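*Asks:* Task: produce atomic coordinates for the following.
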Amino acid sequence: MDGSGKWRVGAAIAAGVCALSVMTLSAGTGQEQDVAASDPAGCESGPDPAAGNLQFSTISLTVAESAGDRALLVIRDGGGVGPVSATVTTADGTATVDDYAPVASTVSFPDGDETARVVRVPIVPDLLHEADETFTVTLSDSSCATIGARAEVQVTIIDDDPETRFSVGGTVTGLQGSGLVLRNVVDDIPASNGSFAFPAGLVSGSDYAVTVRAQPVDPDQTCTVSNGNGVIADTDVTDVAVDCVTLPPDAHLDPAFGTDGKVTTPGLGGAETVAIQPDGKIVAAGPSSLARYNSDGTLDSSFAQTGSLRTGISAGFLGDACDVALQPDGSIVVVGVKDNGSATGEDFAVQRYTASGTADPNFGTGGTVTTDFNGSTDRAYAVAVQPDGKIVVAGHATNAARTGIDIALARYTSDGSLDPSFGTAGRVATTIQGAASFGFAATLDHQGRIVVAARVSAGGGDEIGVAGYGADGVLDQSFDDDGIAVTAFGLGAIPHGVAVDDQDRIVVVGQSQSTVPGGRSDIALVRFGAAGRVDTTFDGDGLVTTDFPDPATGTSHDEFGRDLALQSDGGIVVAGVAQLDRGADFALARHHSDGSLDPSFGDAGRLTVDFHAGFDSGRDVAIQPDGGIVAVGSATNVSTQEFALIRLTQ
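*Replies:* Sure thing, here's the model as predicted:
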């Protein structure tokens, strides 16, 4: 220490160049003191036991690269007679002169001095990313003292340089729509035409994987990624290519509706059902959402302030437990499933909204009614509104014995109360055939009869059953002699929609197992006469199945009919989903009243509509007052379901 009270450190150390500093550690103070490196007198007869041992305080030491230098302690123990010294040297291991400053010097102890000496070895920092590296510091060539067991220290240098990160980016071309989002592993960025780069860089050796997180809309486009995968190799990635292509407008879609005849609304999930108001506005409902659109496809801001609302009804059964209907005063009725927990389990749920999109306080409790049948699983799938405004809801209920599932009906008055004039205290349960009967669709015929289309499990397979009820909820015995009709096609048929034409003929749509080997499903139409018997004038046997070969490859997959609408000229329009090689699309078909496909519609009577090159599913269809055909369903934008609507010009 000099007169200023500061420790003297050699200029070489202060400058960070190769040097070795040897200091004492003052006893009782913990402070370092410079010690002159003077060689003691030689020992004529070798090490003197009374002189003690010289050794390091440890055999290993870990130091960060940014430490600058590192202190090692040389201690004298076992005796302090006479002056002693030893040589301190360094030797490369995996660390070399680029990583530390090699040293060679002498550490000395005067007679009687047992104060530890501090040896400082400079560490040389750099900006290279390296693995841990080691070198050795050795104590040797002792004068008079014995070299102890800790004669060598292995020093490990830990690389603590700031990580250099490299960007991942590239170029977007052909983008016309909006909403394109790109993802790299877990980081998302919105993208536009031109260059892009993800703000979060990656260290060398990291994997990168650029994908499309959301496809653009308005217009709908399909964007694909090239050069999107790889490993960072000490340089920025700039060659990721995102190419966006706009699908050509479909000539069958109405260009005055949305963008080229298509509308998608994110944030609502998928749509299940649709109803058309007398003014042409479109009401669409999904498992937990309700929205109203103007006739041009824009959201109607006069409805619930934003055009949509959350209903709080859960679909419960693969998204099928949802339907919507309009009452004569413009009120909107939504049905589905409400889980009431351990009390009664899943129950029928009915909600009513005013024409402005608010829950109707005059209906049930805050606009909602739930109905239990036998304290077990009850699910509502369909709703029909009578001319007097009473609400008929159809679905299924577990029977009281818990041995099977029945068709279940409930009817409500205008205030949401169960109608005591219907069935038993407003409820009806019917076993059609076998252990399970599911009422999936309902409508009213021109006689005021309630018609329910049901999935009937019979003999180990599924068939289409239809039940006809009078206004009092009692099965109409004039309908196929007992109020119940069941097909016997043996094709594993499942119904999803039902409609009644102007002759009270009942048309049911669903799917049936294809006769083609492999067990595929085709869209199926079945027609019953007004008396409940299968109408053999409909395509010769009452059944029409429709296949949708992939337009690109000609191969056939599965198709499912979800609902239908009848046109004033007798045309039957079917909506559903066609699974194709590239995913799945809306599937629509139009049939003449005799069941044959209408060749003037789409491609020989069939039409598929794609949104984002993902999985799209048509769920319902309705006819506007001007004859326009509106179909709703879900469009999957990469991994997110959206409300999806189309309108056809014919």
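*Asks:* low-scoring stretches of the stretch 301-450 of the chain, by residue?
*Replies:* Counting by pLDDT under 70, the stretch 301-450 of the chain has low-confidence residues at 314-321, 433-435.
*Asks:* Let me see the contact set for the nearest residue to Asp626 once chain neighbours are set aside.
*Replies:* Distances taken as Cβ to Cβ, 6 or more residues apart in numbering place Gly280 nearest to Asp626, at 6.9 Å, with adjacent residues excluded. (C-beta placed from N, C-alpha, C; glycine too.) Gly280 makes contact with Ser295, Gln624, Pro625, Asp626 under the criterion Cβ atoms under 8 Å, 6 or more residues apart in numbering.
*Asks:* Drop anything exposed from the residues you listed.
*Replies:* Buried members of those, scored by 16 or more other Cβ atoms under 10 Å, are Ser295, Gln624.
*Asks:* quick one: which of the contacts of Gly280 is nearest Gly367?
*Replies:* Gly367 has its nearest neighbour among these in Ser295, at 26.5 Å by Cβ to Cβ.
*Asks:* Which positions within stretch 93-108 qualify as buried?
*Replies:* For stretch 93-108, the neighbour count (16+ other Cβ under 10 Å) marks Ala95, Asp99, Tyr100, Ala101, Val103, Val107, Ser108 as buried.
*Asks:* now, which of those lie within helices?
*Replies:* In helices, judged by DSSP state H, none of the buried residues of stretch 93-108 are found.
*Asks:* who's in contact with the closest residue to Gly228 other than its chain neighbours?
*Replies:* Excluding the flanking residues, the one nearest Gly228 by Cβ to Cβ, 6+ apart is Val210, at 3.8 Å. With contact taken as Cβ under 8 Å, 6+ apart, Val210 is in contact with Val168, Gly170, Leu182, Arg183, Asn184, Val225, Gly228, Asn229, Val240, Val242.
*Asks:* Wait, a strand at Val210?
*Replies:* Yes: counting by DSSP: H, G, I helix; E, B strand; the rest coil, one finds Val210 located in a strand.
*Asks:* mind checking how far it is from Asn184?
*Replies:* Separation of Val210 from Asn184 (Cβ to Cβ, to the nearest Å) stands at 5 Å.
*Asks:* Are there residues contacting both of those two? Which ones?
*Replies:* Both Val210 and Asn184 are in contact with Val168, where contact means Cβ under 8 Å, 6+ apart.
*Asks:* Excluding chain neighbours, what is closest to Thr537?
*Replies:* Closest residue in space to Thr537, ignoring its immediate chain neighbours: Asp594 at 7.0 Å, by Cβ to Cβ, 6+ apart.
*Asks:* Just the element for that neighbour, please.
*Replies:* Take DSSP states H and E as the rule and Asp594 turns out to sit in neither a helix nor a strand.
*Asks:* and it, how many neighbours?
*Replies:* Using other Cβ atoms under 10 Å, Asp594 has 13 neighbouring residues.
*Asks:* Surely it touches Asp539?
*Replies:* Yes: counting by Cβ atoms under 8 Å, Asp594 does reach Asp539; the two are 6.9 Å apart.
*Asks:* Would you mind giving the domain segments of this structure?
*Replies:* Domain assignment for the chain by automatic domain parsing gives 11-158, 165-246, 248-284+547-650.
*Asks:* Tell me which of those domains sits most buried.
*Replies:* Comparing the domains of the chain on average neighbours per residue, with mean count of other Cβ atoms under 10 Å, the densest one is domain 248-284+547-650 at a mean of 20.
*Asks:* starting at the chain centroid, how far to it?
*Replies:* Averaging C-alpha positions (Cα atoms, centre = their mean, to the nearest Å) puts domain 248-284+547-650 24 Å from its chain's average.
*Asks:* can you give me the end-to-end distance of stretch 114-125?
*Replies:* By Cα to Cα, to the nearest Å, the extent of stretch 114-125 from end to end equals 34 Å.
*Asks:* Averaged pLDDT, that stretch. What do you get?
*Replies:* For stretch 114-125, mean pLDDT rounds to 92.
*Asks:* State the pair within the buried residues of stretch 93-108 that is farthest apart.
*Replies:* Between any two of the buried residues of stretch 93-108 (Cβ to Cβ), the greatest distance is 28.2 Å, for Asp99 and Ser108.
*Asks:* Nearest spatial neighbour of Pro266, chain-adjacent residues omitted?
*Replies:* Nearest one to Pro266, counting by Cβ to Cβ, 6+ apart, is Glu642 at 4.9 Å.
*Asks:* right, and the one you found touches Ala635 too?
*Replies:* Yes: if you go by Cβ under 8 Å, Glu642 and Ala635 touch, sitting 5.0 Å apart.
*Asks:* Not counting sequence-adjacent ones, nearest residue to Pro551?
*Replies:* Thr608 (6.8 Å).
*Asks:* Which residues lie in contact with the one you found in this structure?
*Replies:* Going by Cβ under 8 Å, 6+ apart, Thr608 touches Phe548, Pro551, Ala578, Leu580, Asp585, Phe586, Ala587, Leu588.
*Asks:* so how far is Val210 from the third one?
*Replies:* Using Cβ to Cβ, one gets 31 Å for the distance from Ala578 to Val210.
*Asks:* before we move on, what about the fifth one?
*Replies:* Shown here: Asp585 relative to Val210, a distance of 26 Å by Cβ to Cβ.
*Asks:* Spell out the residue ranges of the helices in the stretch 201-350 of the chain.
*Replies:* Assigned by DSSP state H, counting those that start in this stretch, the stretch 201-350 of the chain shows no helices.
*Asks:* before we move on, back to that, need the contacts of Gly280 in a markdown table with secondary structure, distance to Arg411 and pLDDT, can you?
*Replies:* Formatted as a markdown table, the contacts of Gly280 follow (DSSP: H, G, I helix; E, B strand; the rest coil; distance: Cβ to Cβ, whole Å; pLDDT from 0 to 100):
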| residue | secondary structure | distance to Arg411 | pLDDT |
| --- | --- | --- | --- |
| Ser295 | coil | 32 | 93 |
| Gln624 | coil | 29 | 93 |
| Pro625 | coil | 28 | 91 |
| Asp626 | coil | 33 | 90 |
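*Asks:* Pick the one among the contacts of Gly280 closest to Gly404.
*Replies:* Gln624 (41.2 Å).
*Asks:* Just to check, that closest one is in contact with Ser295?
*Replies:* Yes: with contact defined as Cβ under 8 Å, Gln624 counts as touching Ser295 (7.1 Å).
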